[in-house]
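Participant: Sequence first, then the predicted structure:
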Amino acid sequence: MTPPGNNEPAQQLAEETIVSDADLDLPIRGFQGAPEEIERQWFEKIYTGRGDRQKQLTVRAVLTGGVLGMLMSVSNLYTTLKLSWLFGVAITACVLSFVIWNGLRALSGGRLRQMGILENNCMQSTASAAGYSTGNTVATAFGALLLIQGHHQPWYIIVPFVFFTAALGVFLAIPMKRQMINQEQLRFPSGIAAAETLRSLYSRGTEALKKAWALLLSLGLGGLIGLLRTYGTLAEQLRRSGRPQIWLEKLQAVFYVPEALTFPAWLNPIPRGQMAGFVFEPSVLLIGAGMITGLRVSLSMLLGSVLLYFFVAPRLLLMDLTHAGVPGYVHSFAVNPQGSFNPVRWALWGGTAIMVFSSLANLALQWRVLARAFSLFRKDGRTAQNAAMDAIEVPMSWLVVGLIPTSIGLVVVQYLAFHISLTLGFIAVVFSLVVALVCCRATGETDTTPIGAMGKLTQLLYAVLPGAKGLESINLMAAGVTASAGGAAADLLTDLKSGYILGANPRKQFLAQFAGVFFGTAAIVPAWYLMVPTKEALEAFNPPATYMWKAVADLLTQGIHMLPVSAIWAIVIGSLAGVALPVAGKLFPKAAPYLPSAMGLGLSWVLVFENSLSFAIGASLVALWTKWNKRRCDLYSIPIASGLIAGESIVAAFIAIGCTLVGFLAVR
């Protein structure tokens, strides 16, 4: 064996390389030119010298990511049940991994090699797949089925279902990576935030250190706000478990940030009622996302929300009141005794239509890019540089090799477990491609993945397909297939965006992501049984997303006629708008930057007003800062936004983990 001392110069040189690479500028603003030119610039300026030199896909990276992802999957299961919200895993995992391995290195006296920036990036891919991709429909689809049937599905059904749906999403993302990340240069704000966080952790250069300090300060602010907003949940969970902490409850009564701030009465479009989500949410997470997303998409989201809350919803409510008691009339809104209602429950049909048809229109308008992606099967006429670039990208052959057994397995599971015919099961797999396309584009443009909305679109489809009408289990589980696959695909592209910025090898990152599916499946299924042992335990959570999935299944299995006529018109108009906006941008390229973003408009009718407002605030702050001092804005805006996102999400994740542990103790 080589004595440890003889290996120190090489180890020091390797670590200096890691640091110097971290000090290089990140291509956050993207590249310009033809698709081939963009890929050449990235390969020469970003990948060469980084991705071809550093360790990436290592055993410790996969194991660390797998363990951290398993913990995060449990916390996300809890937040889905309580809040209908999933928190990103990547940033939390890369910070924890950095701290863990630097701590172990210090304890070893420097014998352990530092985990490199690209190795940490691979680790976060595994963690993200394990913590985010594998459990996003367990609480919703299986939860709704538990409410309907009154008993759990056995583990030998849930395990293959979770694994195959997550794997399907990972493989479906392969053809989308080159189009959305390489050619279109979509933002994927959380991917940028993860890359910026990693770069700041490893940086030592003067300018890089300034960015690192900006990120750390904003991370502290985001963490503080996240703590003050969420630690009351932990106090409440402790009280429910029979372990009340009086000191914590007293502290929370004095030092807290409210969940929402209401607007003055004169701003309320419904004078004698209240629309859900028409508040300001004192959170910096979505403000940070808006800072990265940009003004066009964020203002489009605000425009859509204003149209919904101030014009469309009040008029539809008036129409409902006018037709009250009319036989056969289906109301647009379900208004509670206090006069409150959620307009998004109606609007999501039109918003989803905009997102679906705009994604399909964009795909059709860029058919040359898609054809080029599939032409990678042909090797003739390729230059040496093209061959080197293709060698690091995930080959299309992997799509075929992975998709065939995954699709067969998923169709068989649907048939044996839920009596979904082979034809209907195959349709769910094919429709997953459409859902994945929409989820990936929405995430790339707005940092929000419309998993719930796309699940409801699938439920609508299966409400009219022969052989599925009137059957709630088919309606729910087919939607679970498509929504889970779409979420997994979007999560992979977010991680690949981070790797793209840092100069990582996409093929190695894909393998790390796929490995995470195994870890996540192993964690989420037992956690589901432990956290929700019975139907009564699920009802104790009062899970809003689960109730929504069940309500849609109950409604649509009675027939498509149960949808309000206004919702059907919203679908038609949304479909036309979804096609018209991309086509107009293509026909009039000079006007394209001033047209509303179709994805932003669609998402604004899937999210509540408070979310769109936060996005618009973040984007407007950056726009004003750019006018005031462009150089400083370019230097600090992304690190600050990344810190806000990372700080609040990390603290929220730890609070969720704490609540989960308390819940486990209560169950036991």
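Facilitator: Yes, it's here.

Participant: before we move on, which element is the residue positioned nearest the centre of the chain in?
Facilitator: In the chain, the centroid-proximal residue (C-alpha atoms, centre = their mean) is residue 449; its distance is 4.4 Å. Using DSSP states H and E, residue 449 is not contained in any helix or strand.

Participant: Tell me if I'm right that it and residue 487 touch.
Facilitator: Yes - at 5.7 Å, residue 449 counts as touching residue 487 under the criterion of C-beta atoms under 8 Å. All C-beta spots, glycine's among them, are computed from the backbone N, C-alpha and C.

Participant: Can you tell me the closest non-neighbouring residue to residue 223?
Facilitator: Spatial nearest neighbour of residue 223, chain neighbours left out: residue 647 (3.8 Å); criterion: C-beta to C-beta, 6 or more residues apart in numbering.

Participant: which residues does the one you found contact?
Facilitator: Residues near residue 647 by C-beta atoms under 8 Å, 6 or more residues apart in numbering: 218-226, 284.

Participant: what separates the helix or strand in which it is found from the chain centre, distance-wise?
Facilitator: Using DSSP H and E, residue 647 sits in helix 630-667. Counting by C-alpha atoms, centre = their mean, to the nearest Å, helix 630-667 is centred 14 Å from the centre of its parent chain.

Participant: please begin residue numbering at 560 from this point
Facilitator: In the new numbering, first residue 560, that becomes helix 1189-1226.

Participant: which of the residues in it are buried?
Facilitator: Using 16 or more other C-beta atoms under 10 Å as the test for burial, helix 1189-1226 gives 1192, 1195-1222.

Participant: Rounded mean pLDDT for it, please.
Facilitator: Helix 1189-1226 shows an average pLDDT of 78 in the prediction.

Participant: repeat for stretch 665-682
Facilitator: Stretch 665-682 comes out at a mean pLDDT of 90.

Participant: Return that stretch as CSV; C-alpha atoms alone will do.
Facilitator: The C-alpha trace of stretch 665-682 is given here as CSV (Å, rounded to 0.1, in the frame of the first residue of the first chain):
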residue,chain,number,x,y,z
ALA,A,665,-11.9,16.9,9.6
LEU,A,666,-12.4,14.0,12.0
SER,A,667,-10.2,11.8,9.8
GLY,A,668,-7.3,14.3,10.0
GLY,A,669,-7.6,15.0,6.3
ARG,A,670,-7.3,11.4,5.2
LEU,A,671,-10.7,11.4,3.5
ARG,A,672,-10.9,13.0,0.2
GLN,A,673,-13.2,16.0,-0.1
MET,A,674,-16.4,15.4,-2.0
GLY,A,675,-16.0,17.3,-5.2
ILE,A,676,-18.5,19.7,-6.6
LEU,A,677,-19.6,17.4,-9.4
GLU,A,678,-19.6,14.4,-7.1
ASN,A,679,-21.9,16.4,-4.8
ASN,A,680,-24.0,17.2,-7.9
CYS,A,681,-24.4,13.5,-8.6
MET,A,682,-25.3,12.9,-5.0
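
Participant: Surely residue 817 is in contact with residue 842?
Facilitator: No - with contact defined as C-beta under 8 Å, residue 817 does not count as touching residue 842 (10.6 Å).

Participant: that older thread, got the contact list for the residue nearest to the centre of the chain?
Facilitator: 998, 1001-1002, 1045-1046, 1049-1050.

Participant: Can you tell me the closest non-neighbouring residue to residue 1204?
Facilitator: Spatially, and ignoring its direct neighbours in sequence, residue 1204 is nearest to residue 847 (4.2 Å; C-beta to C-beta, 6+ apart).

Participant: by contact count, what packs against the one helix or strand that neighbour maps to?
Facilitator: Here residue 847 sits within helix 844-852, counting by DSSP H and E. On a contact count with 3 or more C-beta pairs under 8 Å, 6 or more residues apart in numbering; DSSP states H and E, helix 844-852 meets helix 748-761, helix 765-799, helix 981-1005, helix 1168-1187, helix 1189-1226.

Participant: And the next helix or strand past that helix?
Facilitator: That would be, after helix 844-852 and using DSSP H and E, helix 854-865.

Participant: Now do that following helix, average pLDDT.
Facilitator: The average pLDDT for helix 854-865 rounds to 94.

Participant: Pull the residues that contact it.
Facilitator: Against helix 854-865 from outside (C-beta under 8 Å, 6+ apart): 849, 910, 1004-1005, 1152, 1155-1156, 1158-1164, 1166-1168, 1170-1172, 1174-1175, 1177-1179, 1181-1182.

Participant: Now do the helices in the stretch 1060-1209 of the chain.
Facilitator: Assigned by DSSP state H, counting those that start in this stretch, the helices in the stretch 1060-1209 of the chain fall at 1065-1090, 1094-1100, 1103-1115, 1124-1146, 1157-1163, 1168-1187, 1189-1226.

Participant: Tell me which of the helices and strands packed on helix 844-852 lies nearest to residue 702.
Facilitator: Smallest distance to residue 702 across the helices and strands packed on helix 844-852 (C-beta to C-beta): 15.1 Å, for helix 1189-1226.

Participant: Now do that closest one against helix 1168-1187, angle only.
Facilitator: Going by axes from the mean of the first three to the mean of the last three C-alpha atoms, to 10 degrees, helix 1189-1226 is angled at 150 degrees with respect to helix 1168-1187.

Participant: on that earlier part again, which of the contacts of residue 1206 sits closest to residue 1107?
Facilitator: residue 785 (25.2 Å).

Participant: Burial check on that closest one, number of neighbours?
Facilitator: Residue 785 is flanked by 25 other residues according to other C-beta atoms under 10 Å.

Participant: I'd like the distance between it and residue 1204.
Facilitator: Separation of residue 785 from residue 1204 (C-beta to C-beta, to the nearest Å): 10 Å.

Participant: what do you get for residue 1036?
Facilitator: Taken as C-beta to C-beta, the span from residue 1036 to residue 1204 is 33 Å.

Participant: Show me the common contact partners of residue 785 and residue 1204, please.
Facilitator: residue 844.

Participant: before we move on, the earlier item: quick one: closest of the helices of the stretch 1060-1209 of the chain to residue 977.
Facilitator: Closest approach to residue 977 among these (C-beta to C-beta): helix 1103-1115, 12.7 Å.
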